[in-house]
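Chemist: What follows is a predicted structure for the sequence shown.
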Amino acid sequence: MMDSSWMPRTALTRSDRLRLFALNGSTELGEKIATSLGCSLAAHEERSFEDGEHKIRPLDTVAGCDAFVVHSLHGGPVESPNDKLCRLLFFIGALRDAGAASVTAVTPYLCYARKDRRTKENDPVTLRYLASLFEAVGTTRIVTLDVHNEAAFENAFRCPSVALTTAPLLIEKIKSIAGDRPISVVSPDLGGGKRADLLREALEQALGRPIGKAFVEKHRSSGRVSGDLFAGEVTNAFCVVVDDLISGGGTLVRAARAARAHGARNVVACVAHGLFMPGAETVLADASVDRIIATDTVPPFRLPPGPVLAKLEVISAAPLLAEAMRRLHQNESIADLLMYQA
């Protein structure tokens, strides 16, 4: 299980054959990762043309190198997920053409990951099509963080796929907030139970005491959410509602209200990706949620000043991503960083 050993241990040397790129829109996160690795971002060029087409190429030599390309594929604030995906795919192809020995796509937020199965007749399985695009341009492996469904993610890709968990990032933060109070980890739906269990087990190991668990029943059809069952013990507990992302905020608020109704004393929402779509600034202002913790895979650019932004704390995923990249480059195990570990 996880412990403090996941933290970055050794910086890469200047002569190392790793090249780290961060495409426009992900430069700030890329620079944080480079700092954690003890290296600099490699140079590249991105040009846009009047008709909407673009060109992207490496400026540093990549022949024989292990190239890592950081690009979080969320929409906005300037480009759509499709624009970002297209640039990333073309850049991976350019790196391969320039002789890179391997190219790892580091997509902390992976677009289309939620569309991983058919829910209606003739539905697309878009995640599988996305995987085919990455493979077609020569991607060696793909690394993402708290993907929506890790089993579907793994099955979609034929190249190696790495689904990291935010649990190592959250443990110290939860410890510092909760103190000696009883803690219960709440999944806002049954599908997120494995994610919640991973965090709960990691907390138990870190704190050396039992951590409670609970889940809320949720069914979604045509945009409508239903389900009234709440299972678990949260009386007088510090509750951590954990999910992969916040979009409109309704799912998390629903879980927080259910936990409060069953006796929870405090509720903190912990997610990897804070999309905060329009309306979330109203929904998440609900008093049932005391605090929101999210990583910087998606900057909170959609949130206006107000109560939700005031109770949001952003922690950086850069140290975790950097450590995974260092280990992959040096052929070391990343088992303790994965969502699907036992």
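Modeler: Arrived safely. Residues are numbered from 1 along each chain as shown.
Chemist: Pull the distance from stretch 275-290 to the chain's centre.
Modeler: What separates the centre of stretch 275-290 from the centre of its chain is 19 Å, taken as C-alpha atoms, centre = their mean, to the nearest Å.
Chemist: Show the average pLDDT along that stretch.
Modeler: Stretch 275-290 carries an average pLDDT of 97.
Chemist: what do you get for stretch 83-97?
Modeler: For stretch 83-97, the mean confidence score works out to 98.
Chemist: ditto for stretch 127-145
Modeler: Averaged across stretch 127-145, the pLDDT comes to 97.
Chemist: got the end-to-end distance for that stretch?
Modeler: Across stretch 127-145, the straight-line distance between its terminal residues is 15 Å, by C-alpha to C-alpha, to the nearest Å.
Chemist: Contacts for stretch 52-65 next, please.
Modeler: For stretch 52-65, the external contacting residues (C-beta atoms under 8 Å, 6 or more residues apart in numbering) are 17-19, 21, 23, 42-49, 67, 86-87, 90-91, 94-95, 98-101. In short, each C-beta sits where N, CA and C put it, glycine included.
Chemist: Helix, strand, or coil at Val268?
Modeler: Following DSSP: H, G, I helix; E, B strand; the rest coil, Val268 is assigned to strand.
Chemist: Show me where the protein dips below the pLDDT cut-off.
Modeler: Scanning the chain with the threshold set as pLDDT under 70 gives 1-15, 218-228, 339-342.
Chemist: Mind naming the longest helix for it?
Modeler: In the chain, ranked by residue count with DSSP state H as the criterion, the top helix is helix 81-97.
Chemist: Report the buried residues of it.
Modeler: Buried residues in helix 81-97, counted by 16 or more other C-beta atoms under 10 Å: 81, 83-96.
Chemist: Take the contacts of stretch 52-65 and keep only those in strands.
Modeler: Where the contacts of stretch 52-65 overlap with strands, as defined by DSSP state E, the overlap consists of Leu18, Arg19, Phe21, His44, Glu45, Glu46, Arg47, Ser48, Ala67.
Chemist: Determine the number of other residues adjacent to Ser288.
Modeler: Ser288 sits with 19 neighbouring residues when counted by other C-beta atoms under 10 Å.
Chemist: To which secondary structure element type does it belong?
Modeler: Reducing the assignment to helix, strand or coil with three-state DSSP, the entry for Ser288 is coil.
Chemist: what about the nearest residue to it once chain neighbours are set aside, which SS state?
Modeler: Counting by C-beta to C-beta, 6 or more residues apart in numbering, Ser288 lies nearest to Ala256, which is 3.9 Å off, once chain neighbours are set aside. For Ala256, the secondary-structure state derived from three-state DSSP is helix.
Chemist: right, and Ala256 touches Val241 too?
Modeler: Yes. Counting by C-beta atoms under 8 Å, Val241 is a contact partner of Ala256 at 5.9 Å.
Chemist: anything in contact with each of the two?
Modeler: Residues within reach of Ala256 and of Val241 at once, by C-beta under 8 Å, 6+ apart, are Val267, Ala269, Val289.
Chemist: which one of these has the most neighbours?
Modeler: Across the shared contacts of Ala256 and Val241, the neighbour count under other C-beta under 10 Å reaches its highest value at Ala269, namely 29 neighbours.
Chemist: What are the boundaries of the strands in the stretch 201-342 of the chain?
Modeler: Ranges of strands within the stretch 201-342 of the chain are 212-216, 219-221, 224-226, 230-232, 238-246, 266-274, 291-295, 312-315, based on DSSP state E, counting those that start in this stretch.
Chemist: could I get those strands as TSV with distance to Arg181?
Modeler: What follows is the strands of the stretch 201-342 of the chain, written out as TSV (distance: least, C-beta to C-beta, whole Å):
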stretch	distance to Arg181
strand 212-216	11
strand 219-221	32
strand 224-226	30
strand 230-232	16
strand 238-246	4
strand 266-274	8
strand 291-295	14
strand 312-315	18
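Chemist: ok, back up a step: could you flag which of the ones in strands among the contacts of stretch 52-65 are buried?
Modeler: Neighbour counting by 16+ other C-beta under 10 Å classes Leu18, Arg19, Phe21, His44, Ala67 among these as buried.
Chemist: so who does the third one touch?
Modeler: Shown here is Phe21, whose contacts under the criterion C-beta under 8 Å, 6+ apart are Gly30, Leu41, Ala42, His44, Pro58, Ala67, Phe68, Val69, Val70, Phe91.
Chemist: Name only those of these that count as buried.
Modeler: A residue is treated as buried here by neighbour count (16+ other C-beta under 10 Å); on that basis the buried members of the contacts of Phe21 are Gly30, Leu41, Ala42, His44, Pro58, Ala67, Phe68, Val69, Val70, Phe91.
Chemist: In a markdown table: those, plus distance to Ile171.
Modeler: Converted to a markdown table, the buried ones among the contacts of Phe21 look like this (distance: C-beta to C-beta, whole Å):
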| residue | distance to Ile171 |
| --- | --- |
| Gly30 | 25 |
| Leu41 | 29 |
| Ala42 | 32 |
| His44 | 35 |
| Pro58 | 37 |
| Ala67 | 31 |
| Phe68 | 26 |
| Val69 | 29 |
| Val70 | 24 |
| Phe91 | 34 |
